[in-house]
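Asks: Quick one, structure for this:
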Amino acid sequence: MKILVGYVPTPEGEAALAAAGAEAALRGASVLLLNTSRGDAYIDARYANEAELETASAKLREHGVEVTIQQAVSNGDVAGELLKAAAAEDVGLIVLGLRRRSPVGKLILGSTAQRVLLESPVPVLAVKAASPHED
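Replies: Residues are numbered from 1 along each chain as shown. Predicted structure coming up:
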């Protein structure tokens, strides 16, 4: 089995990475780490650099998990990139990090996670990052 984790170098991305590593170790699965940029700016902090990807990969390997890394520029369709990778790589689970958003923010901006949850042909595990006041 292969698990796809949508990774960005944020607290939400780190939460998704940790959950994917734990699930992969539990299931004896490998992990496909997909990092995407929306392609809407010349510099995008969501597009991980080499050091960030190596650190993320090392965290997965600590779980004894085999990891493959892919990067893509999505031209604004991050959900489409995740769903395309899931289909192409025949994954059995998608892991995503969720960020807190206001109801108005959800209405105006839409939601990558919501689209993946609704359109994915495989189960999706959505995880939240710890709140700043949580230990």
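Asks: For this protein, give me the ranges with low pLDDT.
Replies: For the chain, the stretches with pLDDT under 70 are 39-45, 74, 101-110, 132-135.
Asks: got the residue ranges for the strands in it?
Replies: For the chain, the strands defined by DSSP state E cover 2-6, 30-37, 67-73, 93-98, 124-128.
Asks: tell me the angle the third one makes with strand 2-6.
Replies: Think strand 67-73. Relative orientation of strand 67-73 versus strand 2-6 (axes from the mean of the first three to the mean of the last three C-alpha atoms, to 10 degrees): 40 degrees.
Asks: before we move on, the earlier item: and of the strands of the chain, who's closest to R46?
Replies: The closest of the strands of the chain to R46 is strand 30-37. By C-beta to C-beta, the value is 5.8 Å. Quick note: C-beta positions are derived from backbone N, CA and C, even for glycine.
Asks: Quick one: list the elements packing against the closest one.
Replies: strand 2-6, helix 11-27, helix 50-62, strand 67-73, helix 78-89 (3 or more C-beta pairs under 8 Å, 6 or more residues apart in numbering; DSSP states H and E).
Asks: Would you mark the buried spots in that strand?
Replies: Using 16 or more other C-beta atoms under 10 Å as the test for burial, strand 30-37 gives 30-37.
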